[in-house]
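Participant: Fold the following, please.
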Amino acid sequence: MAGEQDIRIYYYLGVCHLVQHRLDEAYYLFKRALEAYPDFADAQYALDVFQGEKKEYAKALGYFEKALSLYLARKNGIPMHWIRRIKWGINAGSIF
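Facilitator: Residues are numbered from 1 along each chain as shown. This next block holds a predicted model:
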């Protein structure tokens, strides 16, 4: 079982690949993080962004809803960059 540090490494490497539009690598790393910790809201959100980049908006919405429910369950608020994304649309500006 992967430790918390390993999960975050998968996530941040995935972000690097996503920003470079290396989508297959990003997807693999986000999924690895979620295999180890399915309630990792940031990785769920990253898969939302990934699906948006692929213009698969129905799938993107599913990941976004899952990430949102995880954040709301923890009661620590919605990250500001999510609010901008909701306000301006799925492909608006910075992804993270």
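Participant: Check which helices and strands the helix or strand where residue 7 lies is in contact with.
Facilitator: Residue 7 is part of helix 4-19, with elements assigned from DSSP states H and E. Counting contacts by 3 or more C-beta pairs under 8 Å, 6 or more residues apart in numbering; DSSP states H and E, helix 4-19 packs against helix 23-36, helix 41-53. C-beta here means a position set from N, CA and C on the backbone, and glycine is covered the same way.
Participant: The longest helix belonging to the chain versus helix 41-53: what angle between them?
Facilitator: Assignment by DSSP state H gives helix 57-74 as the longest helix of the chain. In terms of direction (axes from the mean of the first three to the mean of the last three C-alpha atoms, to 10 degrees), helix 57-74 departs from helix 41-53 by 160 degrees.
Participant: quick one: helix 57-74 to chain centroid distance?
Facilitator: From the chain centre to the centre of helix 57-74 is a distance of 9 Å (C-alpha atoms, centre = their mean, to the nearest Å).
Participant: Could you give the average pLDDT over that helix?
Facilitator: Taken as a whole, helix 57-74 has a mean pLDDT of 86.
Participant: how big is the angle separating it from helix 23-36?
Facilitator: 40 degrees.
Participant: List the buried residues in helix 57-74.
Facilitator: 60, 63, 64, 66, 67, 68, 70, 71 (16 or more other C-beta atoms under 10 Å).
Participant: Distance check, the fifth one against residue 45.
Facilitator: Right, the one you point to is residue 67. 4 Å (C-beta to C-beta, to the nearest Å).
Participant: now do the fourth one
Facilitator: Distance from residue 66 to residue 45, counting by C-beta to C-beta: 9 Å.
Participant: The second one too?
Facilitator: To residue 45, residue 63 is 7 Å away according to C-beta to C-beta.
Participant: How about residue 9?
Facilitator: 17 Å.
Participant: More neighbours: which of the two?
Facilitator: For residue 9 versus residue 45, neighbours defined as other C-beta atoms under 10 Å are more numerous around residue 45 (24 against 15).
Participant: from what I can see that one touches residue 65, true?
Facilitator: No. The pair residue 45 and residue 65 fails to qualify as a contact (C-beta atoms under 8 Å) at a distance of 10.5 Å.
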